[in-house]
Each structure stands twice: as C-alpha cells, then as structure tokens.
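J.: Attaching a predicted model along with its sequence, questions to come.
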2 protein chains.
Amino acid sequence: MSDEAAFLRQALALAFANSERGGRPFGAVLVRDGEVVATGVNEILNSGDPTAHAEMNAIRAASRSIGAADLRGSRVYASGHPCPMCLAAMRLAGIDRVAYAYSNDEGAPYGLSTAAIYEDLAKPFAEQSMAISHIPVRLEGQFDLYAEWKRRQDGNV
Amino acid sequence: MSDEAAFLRQALALAFANSERGGRPFGAVLVRDGEVVATGVNEILNSGDPTAHAEMNAIRAASRSIGAADLRGSRVYASGHPCPMCLAAMRLAGIDRVAYAYSNDEGAPYGLSTAAIYEDLAKPFAEQSMAISHIPVRLEGQFDLYAEWKRRQDGNV
C-alpha cells in the first residue's frame, strides 16, 4: 500500500468514526515531510459552525501545531471531494496537493456532493445564487484604508 | 446614508482599527433582520490561522451567537472583495447577499487582491496550481462510508 493510500485510509477511518458519533462522514489528514501534522473531522453538527469541515479543521489544527499560517510543502488527504471553501482554504494556505477517496459523483446519491455549489460559484458573480455587490463606500476624513495599511507595512507611520 | 452604506462604514472602521493594531486591513459585519449579529476582522497575523479572514470570523461568531450553522436570511458587509474561501463559506452558510467597499482592482496595487486565486480556482481541476487527485481507496471489510451514514440518518443502524 502506498503512503498516499495509507493516509487516505486514515482519513476514511476518521470519517467512519465521526459518522458513528452522529457527525457527517468526512475526515481529513494533513501531512508534511511524510508525517501526519494534524487531522480533522466534520464538526458542523456538534459545533454549529458552518465552516467546521474536516479539511478546514485539519488546516486550523496544523497551523496551531506548526505555529504558522503558511503550510507550503504540505498535502491534504480527504475522505471526500473537498468543497469550494476547503479547496480555496488549502490554496490560500499553500497546500501543494490534495487527494480524496470519494468523488462528488459517488456522494451525489446521498446528498453528499458539492458539485452544484462548484457550478454556482463558477458562474459570473452577477449570475450566482447569492447576490454580490460592489458599493464603493469610503470613510470621510480618513486616509485611504489600503494606502494607509501599506505605509504601516513599510514602516512609514 | 442607506443602511447598507452604514454597515459598510462599520466594516471599514473595523478594518482600519485592525490595520492600526498591525493586522491586515479587512473587516466584516454580519447582519440579520437589519441588526448586526456579529463582526470579524482578519486575524491571520495574531492567530497564525490561514483561514482567519474577516468574513470567516464573522460567520463563525454569528453561528455561535445564533446557535446554528444555518445563517439564511443574513447579509455580509465586507470592507474588501471576499476571497473564494469566504465567498464559498457564505454560500454554504446560506447568506443571501454580500456587499463590499473595496474591489480587487482597488486592492491590486497593494497586493490585496484575490483575483489571481479566483482565476486559478476557475480552471479545470487538472490545470490548477494545486494538484488535485481522486484516488478511490476504500477500507477493507467495512461497510460503504456514505451508505452506512445514510442508514444512520434514516435510523436504520
């Protein structure tokens, strides 16, 4: 069995255990230099937090464990196809590679696919189901937010 | 000043205050029934958590405040264009509408645009910068993960 298959089996075992506890059937393992740095399961039902997906929890736990937000050089092994939120979070954290055991097609008969959300988010903003508007409000009598931030970054404030 | 402009000014004020404390210049306000339910600022630098964006923190705080993961009927007002992770998180949480004050174009000169990540994530999975693989591993001698979860959901386990 390859290392990747072993990490996926660990993610699946986490998903099974979570399902047995009444949670949603998702688990994830975050690996760096061939070692498991952190794991996560879907905790939406017991936390009430809609962002508490397995991959998100693994990323958060890894950043706490490593003490940094930059997870470059890491890989994620997930029991199911990551949703768009988790995929973007991995991309932002610098994850190199993600592999998953169950596809969205395999999840669809059980309502466990995020393919429809991918499709919606792939549309131009104006056509997505959630309304998204740019309203260029500014605070009066205040420096420009971004220019001021940049001056601080450069040590000029 | 419209209510929406007022909520955006509140998000901008949060972003300014966060920037003054050395954080990144992003703030968000989550509103339901015309009332602010929760706020958030970007806490990546002080938490080391790469997912600690302003909108994510507002969603998490709102779900704790409301006691539910389902935030349908809510709106988010963000100082800057939400990144793909936050946009997907809002979509998953059932947020109806998001408005933002600073566009990605306005953030680009300061390195505060996520347009490039949107472009990358809009590509077919095989062409994205992060490698994504389906490896259909299964646990031997175990029920199917999703079918077993469904049986539990239906009360048949």
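T.: Structure's in. What do you need?
J.: And the residue of chain A most remote from its centre, how far from chain B?
T.: Within chain A, A:Gly141 marks the point farthest from the mean C-alpha position, 38.3 Å out by CA atoms, centre = their mean. Distance of A:Gly141 to chain B, computed by CB to the nearest CB, to the nearest Å: 12 Å. Where you see a C-beta, it was placed from the backbone N, CA and C, and this is true even at glycine.
J.: doesn't that residue fall inside a strand?
T.: No: counting by DSSP: H, G, I helix; E, B strand; the rest coil, A:Gly141 is not part of a strand but coil.
J.: what are the phi and psi values for it?
T.: phi 70, psi 20 (degrees, to the nearest 10).
J.: what's the distance between the residue nearest to A:Asp3 when sequence neighbours are not counted and A:Tyr100?
T.: Sequence neighbours aside, A:Gly34 is the residue nearest to A:Asp3 in space, at 6.7 Å (criterion: CB to CB, 6 or more residues apart in numbering or on different chains). A:Gly34 sits 19 Å away from A:Tyr100, going by CB to CB, to the nearest Å.
J.: List phi and psi for the residue nearest the centre of chain A.
T.: Per CA atoms, centre = their mean, the C-alpha nearest to the average position across chain A is that of A:Cys86, at 2.2 Å. When quoted as degrees, to the nearest 10, the phi and psi of A:Cys86 stand at phi -70, psi -40.
J.: Go through chain A and flag its longest helix.
T.: helix A:3-20 (DSSP state H).
J.: Can you list the buried residues in it?
T.: Across helix A:3-20, burial judged by 16 or more other CB atoms under 10 Å in any protein chain shown covers A:4, A:7-16, A:18-19.
J.: same deal with stretch A:69-85?
T.: Applying 16+ other CB under 10 Å to stretch A:69-85 flags A:69, A:71, A:74-85 as buried.
J.: At which residues are the strands of chain A located?
T.: With DSSP state E, the ranges of strands along chain A come out as A:27-32, A:35-41, A:74-80, A:97-102, A:131-134.
J.: Low-confidence regions, chain A specifically.
T.: Flagging of chain A using pLDDT under 70 yields the residue ranges A:1.
J.: Let me know whether A:Arg138 touches B:Ala101 as I believe.
T.: Yes: if you go by CB atoms under 8 Å, A:Arg138 and B:Ala101 touch, sitting 7.1 Å apart.
J.: Which neighbours do these two have in common?
T.: B:Leu12 (CB atoms under 8 Å, 6 or more residues apart in numbering or on different chains).
J.: Pick out whichever of these two has more residues nearby.
T.: Just comparing A:Arg138 and B:Ala101: by other CB atoms under 10 Å in any protein chain shown the higher neighbour count belongs to B:Ala101, 24 against 14.
J.: Next one: that one relative to chain A, how far apart?
T.: For B:Ala101, the distance to chain A - CB to the nearest CB - is 5 Å.
J.: what's that residue in contact with, if anything?
T.: A:134-138, B:8, B:11-12, B:78-80.
J.: now do A:Ala5
T.: Counting by CB under 8 Å, 6+ apart, A:Ala5 has contacts B:135, B:137.
J.: quick check, nearest of the buried residues of stretch A:69-85 to B:Glu43?
T.: Nearest to B:Glu43 among the buried residues of stretch A:69-85: A:Ala69, at 10.0 Å, using CB to CB.
J.: pretty sure that closest one contacts B:Asp49?
T.: Yes: using CB under 8 Å, A:Ala69 makes contact with B:Asp49 at a distance of 6.3 Å.
J.: joint contacts of those two?
T.: What both A:Ala69 and B:Asp49 touch, as defined by CB under 8 Å, 6+ apart, is the set A:Ser63.
J.: What separation do you get for A:Gly143 and B:His81?
T.: Not Gly; residue A:143 is Phe. In terms of CB to CB, A:Phe143 sits 20 Å off from B:His81.
J.: Revised request: answer the last question for A:His53.
T.: 23 Å.
J.: cool, and A:Ala11?
T.: Relative to B:His81, and taking CB to CB, A:Ala11 is found at 33 Å.
J.: tally of neighbours for the nearest residue to A:Met85 once chain neighbours are set aside?
T.: Closest residue to A:Met85 apart from its sequence neighbours, by CB to CB, 6+ apart: B:Ala88 at 3.8 Å. A count of neighbours around B:Ala88, defined by other CB under 10 Å, yields 26.
J.: and what of A:Ser2?
T.: For A:Ser2, using other CB under 10 Å, the count is 9.
J.: In contact with it, which residues are there?
T.: No residues are in contact with A:Ser2 under the rule CB under 8 Å, 6+ apart.
J.: before we move on, what about A:Arg97?
T.: A:75-76, B:130-133.
J.: and what of A:Ala108?
T.: A:Ala108 makes contact with A:Ala115, according to CB under 8 Å, 6+ apart.
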